[in-house]
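> After the sequence you'll find the predicted model.
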Amino acid sequence: MRKKYFIILLYFISCFVYAQRVSEDLVPQRIILNLTPEPATSIAVTWRTNIEVNEPKVQVAISTQWIEFKNDIINSSAMKERFITEHKEEIFHYSAVIKNLLPNTKYVYRVGSDSVWSEWNQFTTADDKNSEFKFVYLGDPQNNIMEYCSRVFREAFKTASDADFWLFGGDLVTDPLDDLWSEFFYAAGFVFRVTPIIAAPGNHDHKLITVDGKLRRSREIGNTWKVHFTLPENGPDGLKETSYYLDYQGTRFVIINSQANVEEQTLWLENILAENSNKWTVVCFHHPIYSSGRERDDQKTRNAFQPLFDKYSVDLVLTGHDHSYARSKKIFNGKAVDNNVNGTVYVVSVSGPKAYPLGNKYNNLMVKTGENVQLFQVIVVKENKISFNAYTVNGLLYDSFEIIK
Ligand SMILES: [Fe+2]
């Protein structure tokens with residue numbers, strides 16, 4: 001008789017443990033907001049679960065001071081994508097673009113399904129006018145992300161918790177592996193759930209191939225990029241979500257995949273720079289035009305892009321790749337020019353712990369260079385001024401300048 005009770009008890013305990021496990025596997029993970037090409041009226045959200053959710057959804061409502069927002073929820077269905085990790089584990093990623101939002105409005109949202117939801121998070125849409133905004137720029141996190149980038153991301157959030165979005169300049173991870181993306185999300189904590197992200201891919205975000213017996217980075221973006229992000233699809237054919245552009249409150253942001261063929265992107269780039277009516281233009285890609293690394297000089301990228309930056313008066317170019325810091329004078333046609341004439345400021349920065357020695361090839365063009373430093377940049381764009389502040393991971397102001405126009 002006792003044995004029978006024991007077996008029944010064991011059965012109920014097993015059921016309870018299984019239910020708990022199933023429930024945990026349905027909890028949305030790696031929730032991230034991305035900007036869309038219409039940031040005043042839409043936003044993209046991406047997440048994943050360990051086991052498949054049949055009807056993934058996003059719920060959104062205008063934020064209220066109490067929980068009455070729940071009376072006015074709008075449901076959106078999400079796309080589903082099955083993904084196999086490097087450990088042959090099956091994972092499910094979901095994405096949705098929430099549209100028809102009001103400009104400059106705070107919303108609450110959650111993701112999941114009718115059985116298991118995430119917590120409610122908040123975001124604010126962009127203004128539909130050319131008003132002041134703030135964003136954070138981060139160069140390559142790439143290595144030891146959980147160990148050493150957590151403090152950079154968290155210091156950046158403490159310094160600029162009101163940033164409207166974050167921009168990454170590539171090499172988010174050193175290999176496009178799920179384990180490393182796990183570290184990337186761990187380091188950011190809840191930040192990506194409340195602050196939209198845009199990013200340019202770096203060489204390390206691309207797949208490895210073997211050429212003549214040697215491992216090389218290919219021009220094919222790693223499988224992990226598109227399942228974790230829902231980025232604009234207005235780039236050149238074959239480079240959707242890795243080259244793209246969007247306008248944010250009077251500034252055109254052009255994100256370029258510089259690991260792909262840069263010459264083939266110049267026509268696309270010229271078109272979107274030529275028809276740009278925004279006051280400011282910021283371009284971000286991974287490989288620097290004026291390298292700060294000792295043995296680096298990316299002539300291909302410089303020859304392809306710099307004439308267009310000059311011709312269309314690009315204000316600021318943000319790059320990474322060289323694992324050091326360099327901020328140029330205003331440059332036009334390869335030469336330093338006065339601050340009151342047309343020209344472009346070029347920045348190389350790094351957020352992760354990997355450090356390369358500085359080169360001096362372009363010292364005559366630079367205002368500030370540095371090595372062995374982890375940095376984040378807080379950039380405020382106003383009607384007549386861009387204010388740029390670079391901070392060290394321990395919160396000290398490292399470099400500062402303004403572009404006035
Ligand atoms: Fe790189």
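Received, thanks.

> for the ion, what are the nearby residues on the stretch 151-300 of the chain?
When proximity is defined as C-beta under 5 Å from the ion, the stretch 151-300 of the chain approaches the ion at 171, 202-203. Heads up, the C-betas are built off the backbone N, CA and C, glycines and all.

> Looking at those residues, which is nearest Val378?
Of all those, the one with the least separation from Val378 (C-beta to C-beta) is Asp171, at 20.6 Å.

> give the contact list for the closest one.
140-142, 202-205, 286, 320-321, 352 (C-beta atoms under 8 Å, 6 or more residues apart in numbering).

> Helix or strand for the residue in the chain positioned nearest to the ion, just tell me which one.
Here the chain gets closest to the ion at one residue, His321, 3.8 Å apart by C-beta to the ion. In the assignment (DSSP states H and E), His321 maps to no helix and no strand.

> one step back: any chance of the residues of the stretch 151-300 of the chain next to the ion in CSV, with secondary structure too?
As requested, those are arranged in CSV below (DSSP: H, G, I helix; E, B strand; the rest coil):
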residue, secondary structure
Asp171, coil
Gly202, coil
Asn203, helix
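
> Just put the residues you listed in JSON lines and tack on pLDDT.
Shown next, in JSON lines, are those (pLDDT from 0 to 100):
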{"residue": "Asp171", "pLDDT": "98"}
{"residue": "Gly202", "pLDDT": "98"}
{"residue": "Asn203", "pLDDT": "97"}
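
> can you pull out the helices in the chain?
Counting by DSSP state H, the chain has helices at residues 2-26, 150-159, 178-188, 191-194, 223-228, 266-274, 299-311.

> Residues in contact with the fourth one: which ones?
Counting contacts by C-beta under 8 Å, 6+ apart, the residues outside helix 191-194 that touch it are 31-33, 121-123, 153-154, 157, 166, 185.

> between those residues, which is nearest Glu90?
Distances from Glu90 to the contacts of helix 191-194, taken by C-beta to C-beta, are shortest for Phe185, at 18.7 Å.

> who's in contact with the closest one?
Phe185 neighbours (C-beta under 8 Å, 6+ apart): 29-30, 32, 192.

> Could you pick out the buried ones from the residues you listed?
30, 32, 192 (16 or more other C-beta atoms under 10 Å).

> quick revisit: filter the contacts of Phe185 down to the ones in strands?
Among those, the members found in strands (DSSP state E) are 29-30, 32.

> Please go through those residues and note which also touch the ion.
Okay, of the ones in strands among the contacts of Phe185, nothing touches the ion (C-beta under 5 Å from the ion).

> Let's have those in CSV, adding pLDDT.
Below are the ones in strands among the contacts of Phe185 laid out as CSV (pLDDT from 0 to 100):
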residue, pLDDT
Gln29, 98
Arg30, 98
Ile32, 98
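
> how about JSON lines for those residues, with distance to Ile67 added?
Shown next, in JSON lines, are the ones in strands among the contacts of Phe185 (distance: C-beta to C-beta, whole Å):
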{"residue": "Gln29", "distance to Ile67": "24"}
{"residue": "Arg30", "distance to Ile67": "26"}
{"residue": "Ile32", "distance to Ile67": "24"}
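
> Look up the closest residue to Pro176, ignoring the ones flanking it.
What sits nearest to Pro176 in space, not counting adjacent residues and going by C-beta to C-beta, 6 or more residues apart in numbering, is Gly222, at 2.2 Å.

> Tell me who's in contact with that neighbour.
175-176, 205-207.

> how does it look with 7 Å?
176, 205-207 (C-beta atoms under 7 Å, 6 or more residues apart in numbering).

> biggest separation within these, which pair?
Asp205 and Lys207 (9.2 Å).

> From the neighbour counts alone, determine which of these two ranks first.
Asp205 (27 against 15; other C-beta atoms under 10 Å).

> sorry, back to before: which of the contacts of helix 191-194 count as buried?
For the contacts of helix 191-194, buried by 16+ other C-beta under 10 Å: 31-33, 121, 123, 153, 157, 166, 185.

> Lowest mean pLDDT among the helices and strands, pick that one out for the chain.
helix 2-26 (a mean of 66; mean pLDDT, DSSP states H and E).

> Just give me the neighbour total for Ile209.
Other residues close to Ile209 by other C-beta under 10 Å number 12.

> contacting residues for it?
Per C-beta under 7 Å, 6+ apart, neighbours of Ile209: 216, 218.

> Which strand residues bridge it?
Arg216 (DSSP bridges).

> between Asp205 and Lys207, what contacts are shared?
Contacts common to Asp205 and Lys207, judged by C-beta under 7 Å, 6+ apart, are 176, 222.

> residues contacting Pro357?
294, 371.

> Model confidence for it, exactly?
We have a pLDDT of 91 for Pro357.

> swap in Gly293?
So Gly293 comes in at 79 (pLDDT).

> Surely Ile84 touches Glu90?
Yes. At 6.0 Å, Ile84 counts as touching Glu90 under the criterion of C-beta atoms under 7 Å.

> quick one: the residue of the chain closest to the ion from Asp171, how far?
7 Å (C-beta to C-beta, to the nearest Å).

> and for the two, which residues touch both?
The contact lists of His321 and Asp171 share 140, 202, 286, where a contact means C-beta under 7 Å, 6+ apart.

> Tell me how many other residues surround the last one.
When counting by other C-beta under 10 Å, one arrives at 28 neighbours for His286.

> what about Ser277, neighbour count?
7.

> got a list of what the residue lying closest to Leu273 once chain neighbours are set aside touches?
In space, and not counting its chain neighbours, Leu273 is closest to Tyr312: 3.8 Å by C-beta to C-beta, 6+ apart. By C-beta under 7 Å, 6+ apart, the residues touching Tyr312 are 273-274, 276, 281.

> picking that back up, could the buried ones among the contacts of helix 191-194 go into a markdown table alongside distance to Phe229?
Converted to a markdown table, these look like this (distance: C-beta to C-beta, whole Å):
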| residue | distance to Phe229 |
| --- | --- |
| Ile31 | 12 |
| Ile32 | 7 |
| Leu33 | 10 |
| Asn121 | 17 |
| Phe123 | 16 |
| Phe153 | 17 |
| Phe157 | 19 |
| Trp166 | 12 |
| Phe185 | 12 |
